[in-house]
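# below is the sequence, then the predicted model.
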Amino acid sequence: MTTLPRRPVLKALLALAGAAALRPGEAQPRWPTRSLRIIVVYPPGGLSDGVARSLAERLALQLGVPVRVENRAGGGGSVGLQALARAKPDGYTLAFSAVSPLTLRPHLGAVGDDPFRDIEPVASVMYTPVLLVGTPAFTGHHFADLLSQARERPHALRWATSGLATAGHLVLEQVQVGSGIAVTHIPYKGGGQQLTDALGGQFELLSTNVAPAQLHHIEAGRFKPLAVGAPQRLDVLPQVPTFAELGLPHANVSSLFGLFAPGGTPPALLDRLNTEINQAVQTPGIRERLVASDNLPTTGDRPAFVRRIAEEWRSNRRLKGADVRRE
């Protein structure tokens, strides 16, 4: 079991990678014998929700039991992950989430218990590029205009994300630290209302996913694409530079999503779940859905997923002590 508040987060994460499995010959209970639940920590209808539901359908076929999806949105993923942490560690409850709540929130200096204690990484699923766009309220046209306006009027530019400790928030903070600018963070509870308000010019900047709706608004001239967090420029937006090209490599992050289990789940069950999830992600239908939406499918064992989380956690340490706003 991993209890993040009681020891350094990185140490706790790395300890997961070396967790021992059941000894040879030790009895392993039959699993599964009833339905599974996947908690999606985001609102229904978005990209993450759609991917989670596709995975649930495939896992149901593979495991021979129903797999139901339950949306628990709010707090940048905290509501759903808290529900996961309270669940029985028996392999029947999982959560689908980005890793940013685990890798960014511990560096924000929030007071009180860490809501993400007792959570076990199970398997990575996809990398999602983070797209920065200017809304109709943004008077500039390029990323350089963002920097110049922010330097002329600190905190005047409003930058919306889908919540505290999300990947979009991470990009915002890395841009501030890397460029020395100061903006005002506008955190939302998911992406639906955020997109509506963006089109209405309620703020100047928006961190979002690369999705059909966003691309449509770019083509229509409503959004101005400024930068993208991705290993290279996207085929659907070849004119948009990556943050690395703009001299901000720490902001050049893609959002890593995966499935998590409650702390204390037996290692043998975690390994079985990892195998089943990898198999599901590799099926043509799910891979094609991810690639078509400019997401990169990921697979690998549990230690590899833990290492990815630990690497992002280390990268975010540079934000500790910075003027991170907690609206």
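In hand now; what should we look at? Numbering: from 1, shown residues only.
# what comes up buried for the strand or helix carrying residue 268?
Residue 268 belongs to helix 267-281 when assigned by DSSP states H and E. By 16 or more other C-beta atoms under 10 Å, the buried positions in helix 267-281 come out as 269-274, 276-278, 280-281. The C-beta positions use only the backbone N, C-alpha and C, and glycine is treated the same way.
# who's in contact with that helix?
With C-beta atoms under 8 Å, 6 or more residues apart in numbering as the test, helix 267-281 has contacts from 19-22, 28, 31, 55, 58-59, 62-63, 90-91, 94, 120, 122-123, 125-126, 259, 261, 286-287, 290, 297-302, 305.
# now do stretch 84-93
With C-beta under 8 Å, 6+ apart, stretch 84-93 has contacts from 1, 31-32, 34-37, 39, 94-95, 115-119, 260-266, 269-270, 272-273.
# just give the closest residue to residue 73, not the sequence neighbours.
residue 43 (4.4 Å; C-beta to C-beta, 6 or more residues apart in numbering).
# pLDDT at the one you found, what is it?
According to the prediction, residue 43 has pLDDT 84.
# cool, and residue 218?
At residue 218, the model reports a pLDDT of 96.
# which element follows the longest strand out of those in the chain toward the C-terminus?
For the chain, the longest strand by residue count, based on DSSP state E, is strand 119-134. Scanning forward in sequence from strand 119-134 by DSSP H and E, the next helix or strand is helix 143-152.
# what are the contacting residues of that next one?
The contact list for helix 143-152 (C-beta under 8 Å, 6+ apart) reads 132, 134, 138-140, 156-157, 179-183, 205, 226-227, 241, 246.
# which ones among these lie within helices?
Members of the contacts of helix 143-152 lying in helices (criterion: DSSP state H): residue 179.
# which of the contacts of helix 143-152 count as buried?
Looking at the contacts of helix 143-152 with 16+ other C-beta under 10 Å, the buried ones turn out to be 132, 134, 138, 140, 157, 179, 181, 183, 205, 226-227, 241, 246.
# measure how the longest helix along the chain sits relative to helix 267-281, angle-wise.
In the chain, with assignment by DSSP H, the single longest helix is helix 47-63. Calculated by axes from the mean of the first three to the mean of the last three C-alpha atoms, to 10 degrees, helix 47-63 forms an angle of 110 degrees with helix 267-281.
# helix or strand right after helix 47-63?
Sequence order places strand 67-71 as the next helix or strand after helix 47-63, per DSSP H and E.
# quick one: that following strand to chain centroid distance?
Computed by C-alpha atoms, centre = their mean, to the nearest Å, the chain-centroid distance of strand 67-71 equals 18 Å.
# packing partners for it?
strand 36-40, helix 47-63 (3 or more C-beta pairs under 8 Å, 6 or more residues apart in numbering; DSSP states H and E).
# so residue 178 versus residue 205, what's the distance?
16 Å (C-beta to C-beta, to the nearest Å).
# also residue 168?
For residue 168, the distance to residue 205 - C-beta to C-beta - is 10 Å.
# cool, and residue 157?
As for residue 157, its distance to residue 205 is 6 Å (criterion: C-beta to C-beta).
# what residues are shared contacts of the two?
Contact criterion C-beta under 8 Å, 6+ apart; residues shared by residue 157 and residue 205: 138, 146, 183.
# returning to that earlier point: send over the longest strand of the chain as CSV, restricted to the C-alpha atoms.
Taking Å, rounded to 0.1, in the frame of the first residue of the first chain, the C-alpha atoms of strand 119-134 are listed here in CSV:
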residue,chain,number,x,y,z
ILE,A,119,-3.5,4.6,-5.0
GLU,A,120,-1.7,2.0,-7.1
PRO,A,121,-0.7,2.7,-10.8
VAL,A,122,-1.9,-0.2,-12.9
ALA,A,123,-1.3,0.5,-16.6
SER,A,124,-0.8,3.5,-18.9
VAL,A,125,-3.2,3.9,-21.8
MET,A,126,-2.4,7.0,-23.8
TYR,A,127,-0.5,10.3,-24.2
THR,A,128,-2.7,13.3,-25.1
PRO,A,129,-1.2,16.5,-26.6
VAL,A,130,-2.0,19.7,-24.7
LEU,A,131,-3.0,22.5,-27.0
LEU,A,132,-2.8,26.2,-26.1
VAL,A,133,-5.2,28.4,-28.0
GLY,A,134,-6.1,32.1,-27.8
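# now the angle from that strand to helix 267-281?
Using the same axes, to 10 degrees: strand 119-134 against helix 267-281 is 40 degrees.
# strands paired with strand 119-134, and their directions?
Strand 119-134 pairs in its sheet with strand 205-209 (antiparallel), strand 224-229 (antiparallel), strand 254-262 (antiparallel), strand 296-297 (antiparallel), by DSSP bridges.
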